[in-house]
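K.L.:
Kindly generate the corresponding structure for this input.
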Amino acid sequence: MTRDEIKKKFPVDFPVDLLPEEASEEHIVVYRICRTGKVEPASFLPTYRDELAHTKENEGEMDIGLFSLSTYEKPRDARQKLKFFRGFQPEAIAARGVTVSCCGLVQRTRARTGTKNSHVDWWLYEGAQPHEYFHKIKPEDLRKEG
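P.N.:
Below you'll find the predicted structure:
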């Protein structure tokens with residue numbers, strides 16, 4: 001599949017031209033923090049579609065990272081995010097799954113920004129259902145795994 005064919009899979013309001021060339025359809029085992037407390041579609045919204053994620057810090061920005069679904073490769077990074085979110089959303093849970101190619105393109109964020117953590121950007125195709133590839137895990141499992 002060509003890059004142009006892949007780009008046609010995204011929602012109409014998605015800034016396709018900002019996608020990094022290095023983004024690819026790759027399977028990576030990752031963790032997602034589900035702020036709703038469930039592994040469901042509402043817990044797998046990219047930042048720009050998630051009303052809870054809009055902040056003054058990212059308002060008006062055109063960083064392609066804001067259009068991704070945030071996931072983490074390392075359990076310790078997911079554990080830190082879970083602790084953070086539980087500070088104001090006590091029902092938040094952790095889920096483990098895989099970035100499947102049928103749902104979109106991924107890139108390890110450090111490749112684009114130089115960050116130190118294991119954040120993985122996952123840019124979802126129109127109609128993607130990433131929650132179907134995740135399951136809830138216990139917070140203590142994040143300690144055992146990393």
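K.L.:
all helices for the protein, in order.
P.N.:
Taking DSSP state H as the test, the helices found in the chain are 3-7, 75-86, 109-113, 139-145.
K.L.:
Give the buried residues for the longest one.
P.N.:
Yep, that's helix 75-86 we're talking about. 75, 77-79, 81-82, 85 (16 or more other C-beta atoms under 10 Å). For every residue, glycine as well, the C-beta is placed using N, CA and C.
K.L.:
other SSEs contacting that helix?
P.N.:
strand 29-34, strand 93-98, helix 139-145 (3 or more C-beta pairs under 8 Å, 6 or more residues apart in numbering; DSSP states H and E).
K.L.:
Would you mind finding the most buried of the ones you listed?
P.N.:
strand 29-34 (a mean of 22; mean count of other C-beta atoms under 10 Å).
K.L.:
What is the burial count for the nearest residue to residue 3 once chain neighbours are set aside?
P.N.:
Leaving aside its chain neighbours, residue 3 sits nearest to residue 21 (7.7 Å; criterion: C-beta to C-beta, 6 or more residues apart in numbering). When counting by other C-beta atoms under 10 Å, one arrives at 7 neighbours for residue 21.
K.L.:
And residue 21, how far from residue 138?
P.N.:
38 Å (C-beta to C-beta, to the nearest Å).
K.L.:
repeat for residue 71
P.N.:
In this structure, residue 71 and residue 138 are 18 Å apart, going by C-beta to C-beta.
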